[in-house]
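[1] need a 3D model of the sequence below.
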Amino acid sequence: MTVRTKRLDAGVAQAMSAVSAAAKKGLGDPALAELVVLRASQLNRCAFCLDMHLAVARELGVGERQLDMLAAWEEAGDVFDGRERAALALTEAITVLTDRFVPDDVYDRAAAHFDGPRLAHLVGLIVAINNWNRVMVARRIPPGGYTP
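    Numbers count the residues shown, from 1 in each chain. Reported below is the predicted structural model:
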């Protein structure tokens with residue numbers, strides 16, 4: 001594997017960082033935000049983002065059980081509450097887009113747990129992490145470069 005470590009254009013990186021920060025702030029739940037970005041990063045196989053966001057999640061106090069069970073959240077029983085499950089389902093629907101759209105029932109379930117602005121920020125966060133994943137995977141950035 002060839003690592004393509006040319007620096008990302010500063011303006012692009014700043015814009016992407018601004019979108020991510022605004023979405024996280026607007027969502028208002030840092031721990032949930034990390035679960036969302038971790039799940040998208042798992043689906044996108046972005047080792048750099050997984051490494052980074054696992055460290056952030058631990059700093060925020062996200063429990064090891066949730067981190068361990070995230071890949072199987074649908075089968076994890078009460079490890080995730082209804083709000084977390086709705087956010088993770090929406091994350092998967094937006095990340096994978098296998099049906100070329102987000103199913104109404106998945107969106108409606110998220111809308112039942114998040115008011116309009118928070119739902120918009122959740123969608124923005126999912127889009128932002130997918131953007132980061134694609135940039136990091138395309139450049140083959142290995143894990144281990146993140147320092148808090």
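
[2] can you list the weak-confidence ranges in this protein?
    1-6, 148 (pLDDT under 70).

[3] how far away is residue 147 from residue 52?
    9 Å (Cβ to Cβ, to the nearest Å). (Glycine included, C-beta is placed from N, CA and C.)

[4] cool, residue 17 as well?
    Taking Cβ to Cβ, one finds residue 17 at 13 Å from residue 52.

[5] these two: which is more packed in?
    residue 52 (23 against 12; other Cβ atoms under 10 Å).

[6] tally of neighbours for residue 16?
    If you count neighbours by other Cβ under 10 Å, residue 16 ends up with 15.

[7] in the helix or strand harbouring it, what's buried?
    Assigned by DSSP states H and E, residue 16 falls within helix 10-27. Residues of helix 10-27 classed as buried: 19-20, 23-24, 26-27 (neighbour count, 16 or more other Cβ atoms under 10 Å).

[8] and the next helix or strand after it, what does it pack against?
    Scanning forward in sequence from helix 10-27 by DSSP H and E, the next helix or strand is helix 30-44. If you count contacts as 3 or more Cβ pairs under 8 Å, 6 or more residues apart in numbering; DSSP states H and E, helix 30-44 packs onto helix 10-27, helix 47-59, helix 82-96, helix 116-138.

[9] quick one: residues in contact with helix 30-44.
    Residues outside helix 30-44 that contact it (Cβ atoms under 8 Å, 6 or more residues apart in numbering): 23-24, 27, 49-50, 53-54, 56-57, 60-62, 66-67, 70-71, 73, 80, 83-84, 87-88, 91-92, 95-96, 122, 125-126, 129-130, 133-134, 137.
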